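Enquirer: I would like the atomic coordinates for the input below:
(one chain, ligands or ions: 2)
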Amino acid sequence: MPMDLSRYPKNWKAIALAVKEAASWTCRECGTDCFKPGEWCGDRSLKAQFTLTVHHADYNPENNHRDNLIPLCSRCHLKKHRGGKRNISPGQLSLFN
Ligand SMILES: [Zn+2]
Ligand SMILES: [Zn+2]
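Expert: Ligands and ions are numbered 1, 2, ... in the order given. Predicted structure coming up:
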């Protein structure tokens, strides 16, 4: 399933970064300390688990109100999107929020 990136704002990366910074790079769901960009030098498969992503609480990427943006580690983020028709891998989450 292709991602519809056109629904994301142009400054999405900056928005997402601000959310992660505000959360001190910690997952809101499980409290996992995630790695900041460039901080990781170990196993790539592990890195995916400790990457902080930004989830849209209402699953609408056009709603970028702060209340709608939730910092989640990849694992928790995947859980949010599992159970539906969507089947995504951790690698895709860096783009698919
Ligand atoms: Zn988590
Ligand atoms: Zn999400």
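Enquirer: for the rest of this, base every contact and every neighbour count on C-alpha atoms.
Expert: Will do.
Enquirer: the lowest-mean-pLDDT helix or strand in the chain near ligand 1 anywhere?
Expert: Ranked by mean pLDDT, DSSP states H and E, the weakest helix or strand in the chain is helix 44-49, scoring a mean of 77. No: Helix 44-49 lies apart from ligand 1 when judged by C-alpha under 5 Å from the ion; the minimum separation is 8.7 Å.
Enquirer: buried residues in that helix, which are they?
Expert: 47-49 (16 or more other C-alpha atoms under 10 Å).
Enquirer: now do the helices in this structure.
Expert: Counting by DSSP state H, one finds helices in the chain at the ranges 12-22, 44-49, 74-81.
Enquirer: using CSV, lay out the ones you listed together with distance to Ser6.
Expert: Listed next are the helices of the chain as CSV, based on distance: least, C-alpha to C-alpha, whole Å:
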stretch, distance to Ser6
helix 12-22, 11
helix 44-49, 24
helix 74-81, 20
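Enquirer: lowest-confidence stretch among these?
Expert: Of all the helices of the chain, mean pLDDT reaches its minimum on helix 44-49 (a mean of 77).
Enquirer: other SSEs contacting that helix?
Expert: When contacts are defined as 3 or more C-alpha pairs under 8 Å, 6 or more residues apart in numbering; DSSP states H and E, helix 44-49 packs onto helix 74-81.
Enquirer: okay, buried residues for the helix it packs on please.
Expert: 74-78.
Enquirer: of those, closest to ligand 1?
Expert: Cys76 (4.3 Å; C-alpha to the ion).
Enquirer: now that closest one. Nearest residue, chain neighbours left out?
Expert: Glu29 (6.8 Å; C-alpha to C-alpha, 6 or more residues apart in numbering).
Enquirer: and the one you found, how many neighbours?
Expert: Using other C-alpha atoms under 10 Å, Glu29 has 13 neighbouring residues.
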